[in-house]
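> starting from these lines, generate the structure:
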Amino acid sequence: MKRYSYKIFREDGTAETGVITADTAQEAAARLHEQGCTIAHLQELPRRFRRKALSGRALSVFCREWSSLLAAGLPLTESLAVIASHGNRALRETLTEISRTVASGQMLGDAFRRSGAFPPFFLSMITVGERSGTLPEQLARLSVYYEKAAAMRRQWIAALAYPVFILCFACAVFLLLLMVILPSFSLLFDALHLPLPALTRGALSLGLFLRVYGLLLLLVPLTAVLILFVWKRTESGRNQWERFLFRSRFVRRLFFIRFCASLSALLQSGSPLSEALAAAEETAGNGEGKRRIARMREALARGAGLAESLRRAAQAPPLVVHMAAAGAESGELPAFLREAARLLTEETERKLARLKAVLEPALLCAVGGLTAAVVFTVMIPVFTAVGRGW
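Sure, this is the predicted structure:
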C-alpha cells in the first residue's frame, strides 16, 4: 500500500487536505472522486516503516469502548470519531482515514485492513460482525480475547524477568571479578614473589586475555546473531526457523492456546467451520502452524473428522483432540475449544511457575559459586604465603 497526500474541494467549496492509502494513484483518485470531491493536488509520499500494530491491551480498550458506543446507538463513523478525538496522534490519523474510507462506501473490514494497524484476527471478527449485523457483540468478544492475551503475556514476563535478570547479573559479576579485580591482584603477587597455583594462573591468564581480546570475542556472538537475523529474513530460513520452533512442546502449546481461543470466538460469532479455520490460519503467527492448519482443512475437505484432522494433520496435543471430539459430538464446539484453551493456559502457567521456582535458586547458587571460585583464586596464594611464613 502507498500513501498519497491530497488537497480537495468539497461540493460546498470547502478545501480539505489529508493522507489516503491506496495501491495506485488512480485508485486513490477514484476513491476521492466517489466522495464527490474535486482534486486539486495528489502526490505520493515517501515510503516509511509500516505502521505499528496496536498492542493487545490497547486493542482490548479500543474494542470495549467502540462496542459500548455502538450499543448506545451511535452511528459507525461517529463512534470512530469519538474514539479518535481522545486517542493519540497515530490512532487519530488511523481512525480518521478509516472513517473517510467507510463514508466513501467501502466495507468496514476492507477499511481496517488497508490501515495496516490491526491484526488478522481482529479483521476477521470485524468482517464477521459487519456481515451478520452483530458488530457490538463481536467487539465485546474481541475485548475479552485481547484482555486475556495481554494478561497471559504479563504473567510470562513476570515469571521470566527475575531469572533473566539474575543470569545477566551473574555474568556481569563474573566478568568484573575476572577482568578487573583479579588482574589488580597480579601486581601484588608479582611484588611479593608469591608462587601461584595452577588455578590462579589460569584465572589470571583468562582475565588478562579477556581484557585485551574481550571486545573482539564479543563480535563473535554479535556476528552470529546478525547472520541468524539475515538468514531468518529469507523465505527458506524463516520456514526452517519456524519449523524448528514448532518442534518445541512449549511453543506448540502456546500456538494451540491461541488457535483454540481464536477458533472458538470465530465459531461463536456464527462463522462456518471452514471459514473459521481459514481465519484462524491467518492469525497463527507461525508459518509451520499455518501449514498444519492448511493440512487440517484439506483433511476435513476429504471427509475426515475434526478430532482426527487435529491429531494427524495438525498434530495437536491430546487435550485439544479430546475436547474437539467431545465438542463436535455434543454440538458445543466453541465452548469445548474455549475450555481447552483455558486448560492449556493453566498447564503452561504451572510449568512456568515450576521453572521459575527451580531457576531462581539455581541461578543464585551459580552466582555464589562463581564469586567464591574467583575469591578462592585470590586467597589461595595468600594463604599459601602465610603458611610458609612469608
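
> contacts only, for the residue most central in space within the chain.
By Cα atoms, centre = their mean, the mean C-alpha position of the chain lies nearest to Gly285, the distance being 8.5 Å. With contact set as Cβ atoms under 8 Å, 6 or more residues apart in numbering, Gly285 has these partners: 255, 258. No exception for glycine: its C-beta is placed from N, CA and C like everyone else's.

> quick one: it and Ala326, what's the gap?
27 Å (Cβ to Cβ, to the nearest Å).

> same deal with Ala341?
Taken as Cβ to Cβ, the span from Ala341 to Ala326 is 14 Å.

> ok, now Ala284?
For Ala284 relative to Ala326 (Cβ to Cβ), the value is 24 Å.

> buried residues of the strand or helix carrying Ser99, list them for me.
Using DSSP states H and E, Ser99 falls within helix 89-103. For helix 89-103, a neighbour-count test (16 or more other Cβ atoms under 10 Å) marks 91, 93-102 as buried.

> and for the closest residue in space to Ala140 that isn't next to it in sequence, the neighbour number?
Distances taken as Cβ to Cβ, 6 or more residues apart in numbering put Ser67 closest to Ala140, at 4.7 Å, once the chain neighbours are dropped. Residues lying near Ser67 (other Cβ atoms under 10 Å) number 21.

> for Ser67, give me its contacts.
Counting by Cβ under 8 Å, 6+ apart, Ser67 has contacts 136-137, 139-140, 143.

> same thing but at 10 Å, please
Counting by Cβ atoms under 10 Å, 6 or more residues apart in numbering, Ser67 makes contact with 79, 129, 135-143.

> distance of it relative to Phe336?
25 Å.

> ok, Glu282 next?
23 Å.

> and these two? Which one has more around it.
Taking other Cβ under 10 Å, Glu282 and Phe336 do not tie; Phe336 has more neighbours (22 against 15).

> thought the more buried one was touching Cys260?
Yes. Shown here, Phe336 and Cys260 form a contact pair, counting by Cβ atoms under 10 Å, at 9.0 Å.

> mutual contacts of the two, please.
Joint contacts of Phe336 and Cys260 (Cβ under 10 Å, 6+ apart) are 320, 323-324.

> what about the helices in the stretch 1-150 of the chain?
Secondary structure of the stretch 1-150 of the chain by DSSP state H, counting those that start in this stretch: the helices cover 25-34, 56-71, 76-85, 89-103, 108-115, 120-132, 135-176.

> now the second one and helix 120-132, what's the angle there?
By that I understand helix 56-71. Helix 56-71 runs at 10 degrees relative to helix 120-132, counting by axes from the mean of the first three to the mean of the last three Cα atoms, to 10 degrees.

> quick check: angle from helix 56-71 to helix 76-85?
140 degrees.

> export helix 56-71 as CSV, just CAs?
Presented in CSV, the C-alpha positions along helix 56-71 are these (Å, rounded to 0.1, in the frame of the first residue of the first chain):
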residue,chain,number,x,y,z
GLY,A,56,-3.1,-6.3,22.9
ARG,A,57,-4.0,-4.0,25.9
ALA,A,58,-4.7,-1.1,23.5
LEU,A,59,-6.9,-3.3,21.3
SER,A,60,-8.9,-4.5,24.3
VAL,A,61,-9.6,-1.0,25.4
PHE,A,62,-10.4,0.1,21.8
CYS,A,63,-12.8,-2.8,21.3
ARG,A,64,-14.6,-2.3,24.6
GLU,A,65,-15.0,1.4,24.0
TRP,A,66,-16.2,1.0,20.4
SER,A,67,-18.7,-1.7,21.4
SER,A,68,-20.2,0.5,24.1
LEU,A,69,-20.6,3.4,21.7
LEU,A,70,-22.3,1.3,19.1
ALA,A,71,-24.5,-0.4,21.7
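
> tell me the mean pLDDT for it?
Helix 56-71 shows a mean pLDDT of 88.

> next: the third one.
Taken as a whole, helix 76-85 has an average pLDDT of 87.

> just the fourth one next, same as before
Averaging the model's pLDDT scores along helix 89-103 yields 82.

> kindly calculate the angle that that helix makes with helix 56-71.
Interaxial angle, helix 89-103 versus helix 56-71 (the same axes, to 10 degrees): 40 degrees.

> so what secondary structure elements neighbour helix 89-103?
The elements that helix 89-103 packs onto, with contact taken as 3 or more Cβ pairs under 10 Å, 6 or more residues apart in numbering; DSSP states H and E, are strand 15-22, helix 25-34, helix 56-71, helix 76-85, helix 108-115.

> who's in contact with Gly270?
128-129, 131-132, 134, 137-138, 276.

> and if you look at Glu147?
Contacts for Glu147 (Cβ under 10 Å, 6+ apart) come out as 56-57, 59-61, 63-64.

> just put these in CSV and tack on neighbour count.
Putting those into CSV (neighbours: other Cβ atoms under 10 Å) gives the following:
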residue, neighbour count
Gly56, 19
Arg57, 15
Leu59, 23
Ser60, 21
Val61, 17
Cys63, 24
Arg64, 17
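
> no more questions from me, cheers.
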